[in-house]
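S.K.: need a structure here:
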Amino acid sequence: MRWLKFSASDKTSWGIVEGDRVIAIDGDPFREWQRTSRTLPLGEVKIELPLIPRTFYCVGLNYLKHLKEAADKRGEVPAVPDRPEIGYRAQNALIAHDEEVVIPSFATDKIHYEGELVVVIGKKVKHLTKQNAMDCVFGYTIGNDVSERSWQKADRSLWRSKNADTFKPMGPWIETEANLARMETVVRVNGKETNRFYTNDMIFGVVPFLVELTKYFTLWPGDVIWMGTDGASPDIKHGDVVEIDITGIGTLRNRFVREQR
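M.R.: Purely as a prediction, here's the structure:
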């Protein structure tokens, strides 16, 4: 099932995408809900953020190629992690499909994207095991982890390089029936393919991260975990449009614009 948060006629609701139409629902997918008789063409609604997570988790270097490229740039030998490691991102950075990523006027040209699988949690859990970890996964969406790399190098944390306003596009919807084993991530800039990789070809997959996370934290419905990326990004400039396609989920598209001051 494909769950969409959308706005139409000054009203925001949850809906189910079926083909090229949206069926509005009463309620929300994490609790009780029912279909309504209200249907709209998908092309005529404003697609909103699928959700605002209670906690916004993220994974860092989780693909070997990306790990090696990052180490090569630093002139280092890549150090493959021996356990899953988790970070956080800020809710203020989230924007929806087709909304604009705003590059601050004083940022450098080192603006990069990262196409990521986003795991959406569907129920309250703690102390998961390998056997039951996937029971808490409600579905998947797509994230674009935007970074300002000069800030990332200059700072001791990622507070501005990863979390500036609009730096975390997510969407366009939540897909509950996607197959991890068959997923491929394809990224295009202005229609030209710049990156392609098997989405599930991770150093640590979804299950190990869920198990590790829930040793320490309670996961809640609507929490999200961004699972990292592979490959490298070109420098993104004003007017570029980045599309991230993940098999079985869909395409997240956002235009980059430089702030005018």
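S.K.: okay, now the unreliable bits of this protein?
M.R.: Scanning the chain for pLDDT under 70 picks out the ranges 71.
S.K.: ok, the most far-flung residue of it relative to its centre to Ile25 distance?
M.R.: Going by C-alpha atoms, centre = their mean, the residue of the chain most distant from its centre is Ser37, 31.1 Å out. Look at Ser37 and Ile25: by C-beta to C-beta, to the nearest Å, they are 11 Å apart. Using the backbone N, CA and C atoms, a C-beta is placed for each residue, glycine as well.
S.K.: what of Leu49?
M.R.: Relative to Ile25, and taking C-beta to C-beta, Leu49 is found at 17 Å.
S.K.: who does the most centrally placed residue in the chain form a beta bridge with?
M.R.: Residue closest to the mean C-alpha point of the chain, counted by C-alpha atoms, centre = their mean, is Gly143 at 2.0 Å. Beta-bridge pairing for Gly143 (DSSP bridges): Glu116, Met170.
S.K.: could you number the chain from 17 rather than 1 from now on?
M.R.: Will do, 17 is the new start, and the previous item becomes Gly159.
S.K.: helices of this protein, start to end?
M.R.: Under the criterion DSSP state H, the chain contains helices at 80-90, 165-170, 222-232.
S.K.: ok, Ala95 - how many residues close by?
M.R.: 9 (other C-beta atoms under 10 Å).
S.K.: with adjacent residues omitted, what lies nearest to Asn78?
M.R.: The spatially closest residue to Asn78, leaving aside those adjacent along the chain, is Gly244, at 3.2 Å (C-beta to C-beta, 6 or more residues apart in numbering).
S.K.: hang on, that neighbour packs against Leu83?
M.R.: No: applying C-beta atoms under 8 Å, one finds Gly244 not in contact with Leu83, separated by 9.4 Å.
S.K.: find residues that contact each of these two.
M.R.: Common contacts of Gly244 and Leu83, defined by C-beta atoms under 8 Å, 6 or more residues apart in numbering, comprise Leu77.
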